[in-house]
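Novice: Please work out how this folds:
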Amino acid sequence: MEWITPQIRELIKAALQEDLGSGDLTTTTIVPYSASAQGTIQAKSSMVLAGLEIAKTVFETLDPEVVFQEQAKDGESLPAGAPIAEVSGNARALLEGERLALNFLQRLSGIATLTAEYVKQIQGTKAQILDTRKTTPGWRFLEKYAVRVGGGKNHRYSLGHGILIKDNHIALAGGIGEAVTRARQSCPLLIGIEVETQTVDQVQEALEAQVDVIM
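Specialist: Numbers count the residues shown, from 1 in each chain. Prediction:
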């Protein structure tokens, strides 16, 4: 898939290096280099699947000849026990990659599953579920992808994707009105201004400043 970017490939390589260290001592001392194996990845509980292409890339990074056959698709709601993928190829590659592949799948599917639950809770309303920048360092693209898979929407990807005035900005500017004025003087055209408020008085101040979004 096109979204397996060079950055994501580097993340996978770094994660493999972290997990393998100087080498999988258990596997290399027990499993012959020429041994082949196959296995099935299954859902242990009901879930919304996310991260399948990442798991596939983990195995392909270790051995391009590994065959990864998808049994489901990202975004599918799966019952416990449902097959997710079948993997076959060099036994060492499968053993060395299984934990990392599952870590990616578990983390991203967990986010997608929880997001889907939140989305379900607001059905019939005009509310939307948005994410934040409170993501695992280095995983932001993946975790925000998982939010979308679960039916949520992405808020700012980075500090450069919009103006969000928070408590520290307000304190340093001397108030919401002044913070908004400074932001408007310097921000690019068509960039909305959001303000995070904590009191009713701050909400009123934000309304008077005519900001685009009040949090």
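
Novice: how far is the lengthiest helix in the chain from where the chain is centred?
Specialist: Ranked by residue count and defined by DSSP state H, the top helix of the chain is helix 91-121. Once both centres are worked out by CA atoms, centre = their mean, to the nearest Å, helix 91-121 turns out to sit 10 Å from its chain's centre.

Novice: Next: stretch 199-212.
Specialist: 32 Å.

Novice: Check what contacts it and list those residues.
Specialist: By CB atoms under 8 Å, 6 or more residues apart in numbering, the residues outside stretch 199-212 that reach it are 165, 170, 175-177, 180-181, 192-195, 197, 214. Quick note: C-beta positions are derived from backbone N, CA and C, even for glycine.

Novice: got CSV for those residues, with secondary structure, distance to Val87 and neighbour count too?
Specialist: Shown next, in CSV, are the contacts of stretch 199-212 (DSSP: H, G, I helix; E, B strand; the rest coil; distance: CB to CB, whole Å; neighbours: other CB atoms under 10 Å):
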residue, secondary structure, distance to Val87, neighbour count
Ile165, strand, 48, 22
Ile170, helix, 52, 22
Gly175, coil, 58, 13
Ile176, helix, 54, 25
Gly177, helix, 58, 14
Val180, helix, 54, 23
Thr181, helix, 58, 12
Gly192, coil, 45, 11
Ile193, strand, 48, 19
Glu194, strand, 44, 18
Val195, strand, 49, 25
Thr197, coil, 50, 20
Ile214, strand, 49, 16
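
Novice: okay, the residue nearest to the spatial centre of the chain: pLDDT?
Specialist: For the chain, Glu143 is the residue whose C-alpha lies nearest the centre (CA atoms, centre = their mean; 0.7 Å). What the model reports as pLDDT for Glu143 is 97.

Novice: In which helix or strand does it reside?
Specialist: helix 140-149 (DSSP states H and E).

Novice: buried sites along stretch 202-215?
Specialist: For stretch 202-215, a neighbour-count test (16 or more other CB atoms under 10 Å) marks Gln202, Glu205, Ala206, Ala209, Val211, Ile214 as buried.
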